[in-house]
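K.L.:
quick check, what structure comes out for this input:
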Amino acid sequence: MKIHTGPAVSLRRLAMEDFETVTEWSRDELFCLANGWEINRQPEEMLSWWTRCVEGISEDFIRLGLEYEDQLIGYADLVIGKEESAELGIAIGNRMIWGKGIGVLASQLMMEYAVKERGVRSFHAETHESNQRARRMLEKLNFQEVSRNGMDEYKGEVSRLLQFSLDIID
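P.N.:
Here you go, the predicted structure:
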């Protein structure tokens, strides 16, 4: 069931039938490094994790699948905070479509969903200083950099963490 659709991109609930696709992503070392996934996860561990993703229902954490041309290509996350705020996250599993603007479209859909369904008025996001694609995506979405706090590993290198914010004004 599609939850929200836009031009060629849609959000939908995750399903156990998606496991094979997600397992393919887990075999892509660059995807794993870019998204903080453990490389060479055991199939049983992947299945257990995916089952929690599909069945895990939480009021403050929402993960929806991203479809592009009717194929699962990634997922978007919302961590619902206090005072009508949420943190936005996105992962595109199909590396062949990285850098084509799909993340911008998917993020817009997830943000529209958050505003309409959860009353979110303020969004936050965080990325690594060296993640140029994510930084460009956030800029295209009109997020503003608000701080540079912390360090974390990205693609095997330690990188500064950048925090971004976007307020929705009627």
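
K.L.:
export stretch 87-95 to CSV, keeping only CA atoms.
P.N.:
Extracted in CSV, the C-alpha atoms of stretch 87-95 (Å, rounded to 0.1, in the frame of the first residue of the first chain):
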residue,chain,number,x,y,z
GLU,A,87,14.9,14.2,12.7
LEU,A,88,15.0,13.1,9.1
GLY,A,89,17.2,10.3,7.7
ILE,A,90,17.4,8.6,4.4
ALA,A,91,19.3,5.7,2.8
ILE,A,92,19.3,4.9,-0.9
GLY,A,93,20.3,1.2,-1.2
ASN,A,94,20.5,1.1,-5.0
ARG,A,95,23.8,2.8,-5.6
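
K.L.:
return the set of buried residues in that stretch.
P.N.:
For stretch 87-95, burial by neighbour count (16 or more other C-beta atoms under 10 Å) applies to L88, G89, I90, A91, I92, G93, N94. From N, CA and C alone the C-beta is placed, and that goes for glycine too.

K.L.:
test my guess that the first one contacts E126.
P.N.:
No - counting by C-beta atoms under 8 Å, E126 is not a contact partner of L88; they are 9.4 Å apart.

K.L.:
on that earlier part again, redo the buried residues of stretch 87-95 as JSON lines? Include pLDDT.
P.N.:
Shown next, in JSON lines, are the buried residues of stretch 87-95 (pLDDT from 0 to 100):
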{"residue": "L88", "pLDDT": "97"}
{"residue": "G89", "pLDDT": "95"}
{"residue": "I90", "pLDDT": "94"}
{"residue": "A91", "pLDDT": "94"}
{"residue": "I92", "pLDDT": "94"}
{"residue": "G93", "pLDDT": "92"}
{"residue": "N94", "pLDDT": "85"}
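
K.L.:
name the helices or strands packed onto the lengthiest helix in the chain?
P.N.:
Of all segments of type helix in the chain, defined using DSSP state H, the longest is helix 102-118. Counting contacts by 3 or more C-beta pairs under 8 Å, 6 or more residues apart in numbering; DSSP states H and E, helix 102-118 is packed against strand 2-5, strand 9-12, strand 61-68, strand 71-80, strand 85-92, helix 132-140.
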